[in-house]
Every structure is written in C-alpha cells, then in structure tokens.
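[1] sharing a sequence plus its predicted fold:
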Amino acid sequence: MANNKSAEKRDRKAKIARRRNVANRKTLKVASKKFQAVLAAGDKGAIREAYNAFSSVADKSAKKGAISKNAASRYKSRASLKVATLVAAK
C-alpha cells in the first residue's frame, strides 16, 4: 500500500500503463495468430498482406513501449523467414 500522495499517484499511473501495455500485447498476439492462420492456408498474396499487417502491429507496439524494439525486430525477422521459406517452396 502506498504511504504518501506521490506513491499513490505512481501506483495509479502504473496500473493505467499496465492496462495499456497488456492491450497492445494482446493486439500483437491476435495479429500473430492471424498471420499464422494465413501461413497455414498458403495463399501467397494473402501471406504478403498478413506479413505487412503483422509487421506494422509489431512496430506500433514497440513504438508505444509495450514491447522492446529488439523484440519487434525479432518477431518480424522470424515471420519473414517463414514467408521466405513458404514462397520459395511453392
């Protein structure tokens, strides 16, 4: 429990930031699952669109501070490898 006014305010701000970060990470998770579903379907045009959408969401989450810049880069790199292997295989 907070012992003074500034600690109470910091606690309120931390709770708000946590909710915002959880929502941003949830958005990223949903985009990732949509991307995985499109990969499973195997349509080349849809794969490119899904990758671009996923990449955009990852960058936005990093920009907002929900995930680190390196984490966003890692997610995008792994996704692009999957795209490259599927496109090259077909």
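    Sure, I can see it. Residues are numbered from 1 along each chain as shown.

[2] need the contact list for the one residue sitting closest to the centre of the chain.
    The centre of the chain sits closest to Leu28, judged by C-alpha atoms, centre = their mean, with a distance of 3.0 Å. Under the criterion of C-beta atoms under 8 Å, 6 or more residues apart in numbering, the contact list for Leu28 reads Val57, Ala58, Ser61, Ala66, Ile67, Tyr75. In this view, the C-beta of every residue, glycine as well, is placed from N, C-alpha and C.

[3] ok, of the residues you listed, which one's closest to Lys15?
    Using C-beta to C-beta, Ala66 comes nearest to Lys15 of those, at 15.2 Å.

[4] re the thing from before, now the two most distant members of the contacts of Leu28.
    Ala66 and Tyr75 (12.1 Å).

[5] where does pLDDT dip in the chain?
    90 (pLDDT under 70).

[6] tell me the first helix or strand C-terminal of the longest helix along it.
    Assignment by DSSP state H gives helix 5-41 as the longest helix of the chain. Next along the chain after helix 5-41, taking DSSP states H and E as the criterion, comes helix 44-64.

[7] no further questions, thank you.
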